[in-house]
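S.K.: this one's structure only:
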Ligand SMILES: CC(C)(COP(=O)(O)OP(=O)(O)OC[C@H]1O[C@@H](n2cnc3c(N)ncnc32)[C@H](O)[C@@H]1OP(=O)(O)O)[C@@H](O)C(=O)NCCC(=O)NCCS
């Protein structure tokens with residue numbers, strides 16, 4: 001399998017005028033600002049008051065059990081003016097080899113509902129397949145109805161439900177998965 005060694009900062013893929021590149025500690029201030037524009041999303045998962053710094057941890061340091069930063073790809077979505085408007089986080093080979101885990105996909109509200117999320121997922125899927133992924137797994141909160149619709153439309157199917165606590169909020173999460181043939 002081809003293992004990626006893409007350094008942080010390198011452009012990974014493009015969707016129209018949008019560019020997706022790995023983010024690093026240097027990007028922490030703009031990631032925090034993105035968090036400030038996505039407080040409703042943070043509150044939905046972590047409870048209140050929402051902490052915009054959580055977006056930094058999600059993109060740069062949060063890891064599932066037994067994984068290291070070597071397998072973490074925190075990505076920023078930049079618009080044509082190079083402004084950070086969204087974020088993606090994927091973990092390689094979790095929970096098992098060739099299955100990747102999408103820990104985060106978020107766009108700031110002004111960029112939602114225009115087809116960008118769908119286009120990003122199509123291109124991310126191509127990128128994942130090129131890097132050896134056969135399946136993609138994610139978890140969507142019971143409180144995130146729009147998110148659940150979005151994933152159902154993209155062919156994700158239920159695996160199980162888990163109860164998880166983040167911040168001061170406990171929620172049921174629907175764990176979803178799909179095989180990654182490029183569409
Ligand atoms: C989830 C998310 C990334 C999807 O990205 P998006 O760009 O809004 O997604 P799309 O525009 O491709 O699709 C969303 C909806 O807009 C509709 N849509 C797509 N293109 C459209 C257009 N040109 N005009 C109007 N609506 C459009 C889609 O039909 C879809 O409708 P649905 O909700 O009934 O499924 C984004 O909404 C987001 O950041 N949400 C908050 C974070 C979140 O919930 N993340 C997922 C957690 S698991």
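M.R.: Received the coordinates, thanks. Treat the numbers as computed from the prediction; the structure is a model and nothing was measured.
S.K.: Show the pLDDT at residue 5.
M.R.: At residue 5, the pLDDT value in this model is 50.
S.K.: is it true that residue 124 touches residue 13?
M.R.: Yes - using CB atoms under 8 Å as the test, residue 124 is close enough to residue 13 to be in contact (7.3 Å). The C-beta positions use only the backbone N, C-alpha and C, and glycine is treated the same way.
S.K.: Settle it for me: which of these two has more neighbours?
M.R.: residue 124 (24 against 15; other CB atoms under 10 Å).
S.K.: and residue 118, how many neighbours does it have?
M.R.: Other residues close to residue 118 by other CB under 10 Å number 13.
S.K.: Can you give me the buried ones in stretch 117-137?
M.R.: Buried residues in stretch 117-137, counting neighbours by 16 or more other CB atoms under 10 Å, are found at 117, 120-121, 123-125, 127-128, 131, 133, 136-137.
S.K.: who touches both of residue 124 and residue 13?
M.R.: residue 20 (CB atoms under 8 Å, 6 or more residues apart in numbering).
S.K.: need the residues of this protein near the ligand, please.
M.R.: Taking CB under 6 Å from any ligand atom as the criterion, the chain approaches the ligand at residues 41, 105-107, 112-118, 138, 140, 144, 146-147, 149-150, 153.
S.K.: which intervals of the protein have sub-threshold pLDDT?
M.R.: Applying pLDDT under 70 to the chain flags residues 1-8, 182-183.
S.K.: for it, what spans make up the strands?
M.R.: 11-15, 18-22, 72-78, 84-91, 99-107, 135-141, 157-166, 169-179 (DSSP state E).
S.K.: How about the chain: which residue is closest to the ligand?
M.R.: Going by CB to the nearest ligand atom, the ligand is nearest to residue 117 of the chain, at 2.0 Å.
S.K.: quick one, what contacts that residue?
M.R.: Residue 117 sits in contact with 105, 107, 150, where contact means CB under 8 Å, 6+ apart.
S.K.: And the second one, how close does it get to residue 171?
M.R.: Distance check for residue 107 against residue 171: by CB to CB, to the nearest Å, it reads 21 Å.
S.K.: Those two: which has the busier surroundings?
M.R.: residue 107 (22 against 19).
S.K.: Show me the beta-bridge partners of the nearest residue to residue 94 once chain neighbours are set aside.
M.R.: Excluding the flanking residues, the one nearest residue 94 by CB to CB, 6 or more residues apart in numbering is residue 101, at 4.4 Å. Under the criterion DSSP bridges, residue 101 forms beta bridges with residue 91, residue 137.
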